[in-house]
Each structure stands twice: as structure tokens, then as C-alpha cells.
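J.: okay, structure incoming, though there's no sequence with it:
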């Protein structure tokens, strides 16, 4: 069992960003590698943690590699979190659920992959960033959403504004990484391209300064072009023949703590 020492003493903090930092840093001292995703990660990655389009943050989402969920469960209990034992017993190999009663907040842990409308590999490059999953994977967790919400659009615009879209040099939002995943999975390609189109179409609704709006549109368009130009696999082409006649995405289930 991991020796947690006294690094996580105290109750979860009310501010979700500060609390996520506390958990990640304390976990690192305990020998565990975890990273943040979701709205907390978007805020962390923004300039001075002030996104272009701020939005309320409720829960905290974390990612870990396969195989370490039992040690993480012990660690989070020592950090002041209660476990949803039934959910974790049934789903621990891919997802864990904890709760912070004091702040009325869930803590969701994705193990190995982010699985909602599509499965996004988020654990293979956890060491790339010190606090969050890499920007490409973070944006993909938003692009893979079929039914976009207000908060999803705000996160997409904020990330596109604050980070350059790159191709091949490993910086910013790595368009080549996103394009490669889409080139192997027609369903993911179908959703991501539709999300980018919808994001571009709805951008004028947000009344952004012209400079910001132009920059966001240019970066999303650049990403879209990179996705389209990436050579597609035989599997992608075969699935593409079926098209929209067969549903290409999963219906995500909302998790609710049982305790």
C-alpha cells in the first residue's frame, strides 16, 4: 500500500481548481500519477486561469493509467473523499466515483480512457503536462460530444483562443494527434467534424471581440482541415460506407452517487 504520509491532511477545498491542484500534487508525493480534465483543466490551462468564456465549475474530473485504481481509491479516501463503493466495485477497471459531502461535489476518475460518446485514450501521455491531461486530449473530450451544451461550447472556444493549433512539433493543441485518432475511427471523425462545424456556426452568438472571434475561427478551421487531410484507414473507409444509417456514438450515462 502507498504511504500517503501527512501530505493530504485536511478537508477538500471549496475552490475546485485549488482542490484539484492539492489532489494532484499530494498524489505525486505519494507516488501516484493523476491529471485533471474537464472544466477545471480548461481553467487551469487558460492565461492566469481566466478563460475567454468563463463558466461555473461543479465537479472535478481526473485521469489515471490502467492498473492503479485501487491505490488511488485508498489515496482519495485519505484525502477526504467518500467512495461510491457499489459503482467502484462494478466499474473500477474503467471508472471510479467519489464524493465530497462538504462541498456537495463529485470527483470522477477515468481509468485509461475517457468514455462518453466515444472512447478517447487519455492515459498514454499523462506526464506531458504537470497538472492536466494534454491539450489535444482535453479538447477531444469536448469535440467527441454529440449533444453540445453551453459549457462545452464555452470550453471549446476558450481552449481555441488560448492555445495555438500545431501540427507535428508537440506544442499547443496537437492537430496531428487529433487527426490521427479521427483517421482510424469514422464515428469519432463524424462527431468531431460536426462539433467543429457547429462551434463555428454558433460562434457569432457569443458576442466576442472581433479579434478573438477571428482567432478562434481560424484555429478551429485549421484543426478541421488537418482532420480532413489525414489519410484514412481501411477500417474508417469501410465504416464510412454505412454512414449515418447506423448510430456511430454511444449514449453516455449520467453517474449519480449511491451514497
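T.: Looks like it came in fine. The structure presented is a predicted model; accordingly, all values stated were derived computationally and were not measured. Numbers count the residues shown, from 1 in each chain.

J.: surely residue 61 and residue 110 touch.
T.: Yes - between residue 61 and residue 110 there is a contact at 6.9 Å, judged by C-beta atoms under 8 Å. Every residue, glycine included, has its C-beta placed from N, CA and C.

J.: give me the common contacts of the two.
T.: Contact criterion C-beta atoms under 8 Å, 6 or more residues apart in numbering; residues bridging residue 61 and residue 110 by contacting each: residue 37.

J.: need the contact partners of stretch 215-226.
T.: 52, 156-157, 160-161, 163-165, 167, 173, 175-176, 178-179, 193, 196-197, 199-200, 203, 208.

J.: please indicate which of those residues are buried?
T.: 52, 156-157, 160-161, 163, 165, 167, 173, 175-176, 178-179, 193, 196, 199, 203, 208 (16 or more other C-beta atoms under 10 Å).

J.: what helices and strands are in contact with the helix or strand bottoming out on mean pLDDT in the chain?
T.: Each helix and strand of the chain was given a mean pLDDT (mean pLDDT, DSSP states H and E); the minimum falls on helix 69-78 at a mean of 90. Helix 69-78 makes packing contacts with helix 16-29, strand 82-83, strand 95-100, strand 105-111 when contacts are defined by 3 or more C-beta pairs under 8 Å, 6 or more residues apart in numbering; DSSP states H and E.

J.: elements contacting the last one?
T.: Looking back up the chat, that one is strand 105-111. strand 60-64, helix 69-78, strand 95-100.

J.: need the ones you listed in JSON lines with distance to residue 115 and mean neighbour count, can you?
T.: Below are the helices and strands packed on strand 105-111 laid out as JSON lines (distance: least, C-beta to C-beta, whole Å; neighbours: other C-beta atoms under 10 Å):
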{"stretch": "strand 60-64", "distance to residue 115": "11", "mean neighbour count": "24"}
{"stretch": "helix 69-78", "distance to residue 115": "14", "mean neighbour count": "19"}
{"stretch": "strand 95-100", "distance to residue 115": "7", "mean neighbour count": "22"}
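
J.: dump the ones you listed to JSON lines, plus distance to residue 251.
T.: Output for these, formatted as JSON lines (distance: least, C-beta to C-beta, whole Å):
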{"stretch": "strand 60-64", "distance to residue 251": "19"}
{"stretch": "helix 69-78", "distance to residue 251": "24"}
{"stretch": "strand 95-100", "distance to residue 251": "16"}
